[in-house]
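1. Here's my sequence, what's the structure:
(2 chains)
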Amino acid sequence: MKRTAAATKGSLLSRGLSGGFAGVLQGLLLPALLLLVWTLSTGGGRETLFPSPGRVFSVLAHPATDLLSQGSIAWSAFVSVSRVMVGFSIAVLAGIPLGLLMGAYGCFRRFLSLIVEMARPLSAIALLPLSIMVFRARTLTQVLGLEELVYRRHILNELQLGMVFILFWGGVFPIILGTMQGVRSVRKLHLEAARILGAGKLLTFTRVVVPSALPDIFHGLRMGIGRCWMVIVAAEMLPGANSGIGYMIRYSYQLSRYDVMLASIMVVALIGALFSRGLEALGEGSLVLRSRER
Amino acid sequence: MEALSVTGLSVTYREQDGELHALGPVSFQVDRGDFLCVLGPTGCGKTTLLRTLAGLEVPDSGTVTMMTGRGGGVPVVGYVFQQGALFPWMTVRSNLEFPLRAAGMDRDRRHGEVARMLDMVGLSSFAGSYPHQLSGGMQQRVALARALVMGPDLLLLDEPFSSLDTRTSQELQNSLRELWKESSTTVIFVTHNIEEAVYLAEKVIVLGHRPGTVVRRETIHLPDPRSRLSGPFTDCLVSLRRTFESLVLGEHQSSTKS
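-> Residues are numbered from 1 along each chain as shown, chains lettered A, B, ... in the order given. All right, here's what the predicted structure looks like:
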């Protein structure tokens, strides 16, 4: 079982690169094939209902161009991402402390678990009308009292409280449950070691419980942001919304601009993947450390 | 002078499906600065005994009396688990710093103490490594260092080398014996390995099958440095093995018949 530090580092690196250049090629094979099929089935200058890759990519190639007089793809994506960032941040700020408390204290768990279990499967989209009923069309501009200062196309005007609330709802439960799970799965041996080494509650919590819960917390965050992204795109497609990438999908469909629609869908997929990958990269270190323990 | 006195100690685990009388009653004393091995078969409650001494289990009867620490207050107790008790998310250095941090020591003194301890166990060049980057033997060396860095009055070890191969295990036994000779720490070492007990201990108590009670007390009269190949060592080993087999295995046979 003797392993040198250098050898272990090597295997960690290669694991991170997932097979190097050949692996990247393998991963690109299927997308390339699909692109080929798409090109062939829409090519030859025939005017098909389904837009050719060339038309879709020419939309994507000019993300800042105003489309259908509703703003550019980049702006729409920025609106959606901003909404998610605000809603998700609130979900993180509420979810992690709640999860920590529920994981650490049985009384908190019992007090909150019924509500969490009932609320969790309730789709955030189902709450959109309620949310709009409660928050009306209030945006962050009004909450911050900046009506005088911000111009019409300012991002703050697009951050409706109703949207933020359902994003919070969509994101908070995976975060709570992941964090709670992480705290509860701290190994008894490590808690006993901390106790014998003389650690008090605070030190045990900050240096033992939280680090060993981190991989599960990151898992919860990934699930949370994934759900937020699904929720916002769906919410923006509903009547009442007039901005965001989801709105762009619906509006371009109504105008039969399928090239714009497909380009928007691709942007949704890309941003969703980036969110997930970004958090994965952040959590990687803690995952590696815990999974390697013996 | 006695470092530790155990009288009529008995432990019962209570679980949903009933009770398990795990240990005792046992009584024994350990002198200050002595090295006691608790030898017993698997499941006799020797780990339970050690955990109770460390305050991880609550006895249902009996008393444990400990000396005052060197500072005059509560004695500092070090504990080495069988394996895997290092914090995997901390480097070797941070693992060793943890008890010092818990004791409220400031940063500079912590670093000094950790450097001194790592030097003593020969791990200075691995200060920045994570436990999973080390071999099993080195991990247990770190665990030993983490237990010793506080300068404990009493050091408890629960079969710390049992998961290692023979050579690594012997290397660590040599180190432990040397570290003990240089310090004034009282050591209680739990094992099922008779040779390990003969090599390490000054005193040995033998526990019988569950619920374990003390069936034998032995003193090991071997001069330092101890050699596993010397005549007196083998004589001592054979004699203790004979005792162990007649008392413990004999008892086991009679108990399985009934």
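
2. what residues go with each domain of chain B?
-> Listed by automatic domain parsing, the domain ranges of chain B are B:2-74+B:156-167+B:187-257, B:77-151.

3. quick one, which of those domains is packed in tightest?
-> Highest mean neighbour count among these (mean count of other Cβ atoms under 10 Å in any protein chain shown): domain B:77-151, with a mean of 20. Backbone N, C-alpha and C define where each C-beta goes, glycine included.

4. Distance across that one, terminal residue to terminal residue?
-> Distance across domain B:77-151, first residue to last, is 9 Å (Cα to Cα, to the nearest Å).

5. So that domain, near chain A or not?
-> Yes: against chain A, domain B:77-151 shows contacts by Cβ under 8 Å from any Cβ of the partner chain at B:77-79, B:81, B:83-90, B:98-99, B:101-103, B:126, B:129-136, B:139, B:146, B:150.

6. next one: the helix or strand hosting residue B:242 to chain centre, how far?
-> Counting by DSSP states H and E, the element that carries residue B:242 is helix B:231-244. Computed by Cα atoms, centre = their mean, to the nearest Å, the chain-centroid distance of helix B:231-244 equals 21 Å.

7. So residue B:126 versus residue B:141, what's the distance?
-> Noted for residue B:126: a distance of 9 Å to residue B:141, by Cβ to Cβ, to the nearest Å.

8. no no, residue A:84
-> In this view, residue A:84 and residue B:141 are 49 Å apart by Cβ to Cβ.

9. One more: residue B:237?
-> As defined by Cβ to Cβ, residue B:237 lies at a distance of 25 Å from residue B:141.

10. Ok, residue B:55 next?
-> For residue B:55 relative to residue B:141 (Cβ to Cβ), the value is 25 Å.

11. which stretches of the chain aren't confidently modelled?
-> Using chain A. A:1-19, A:43-48, A:150-152, A:285-294 (pLDDT under 70).

12. my bad, the chain I had in mind was chain B
-> B:71, B:250-258.

13. And the strands in it, which stretches?
-> Applying DSSP state E to chain B gives strands spanning B:2-15, B:18-31, B:35-39, B:61-66, B:77-80, B:154-158, B:186-191, B:203-207, B:214-219.

14. Was I right to think residue A:138 contacts residue A:163?
-> No: taking Cβ atoms under 8 Å as the definition, residue A:138 is not a contact partner of residue A:163, at 10.6 Å.

15. neighbour-wise, which of those two wins?
-> residue A:163 (29 against 15; other Cβ atoms under 10 Å in any protein chain shown).

16. ok, and the closest non-adjacent residue to that one?
-> Of all residues not flanking residue A:163 in the chain, residue A:83 sits nearest, at 5.2 Å (Cβ to Cβ, 6 or more residues apart in numbering or on different chains).

17. Can you name the residues of chain B that neighbour chain A?
-> Going by Cβ under 8 Å from any Cβ, the residues of chain B near chain A are B:54-56, B:77-79, B:81, B:83-90, B:98-99, B:101-103, B:126, B:129-136, B:139, B:146, B:150.
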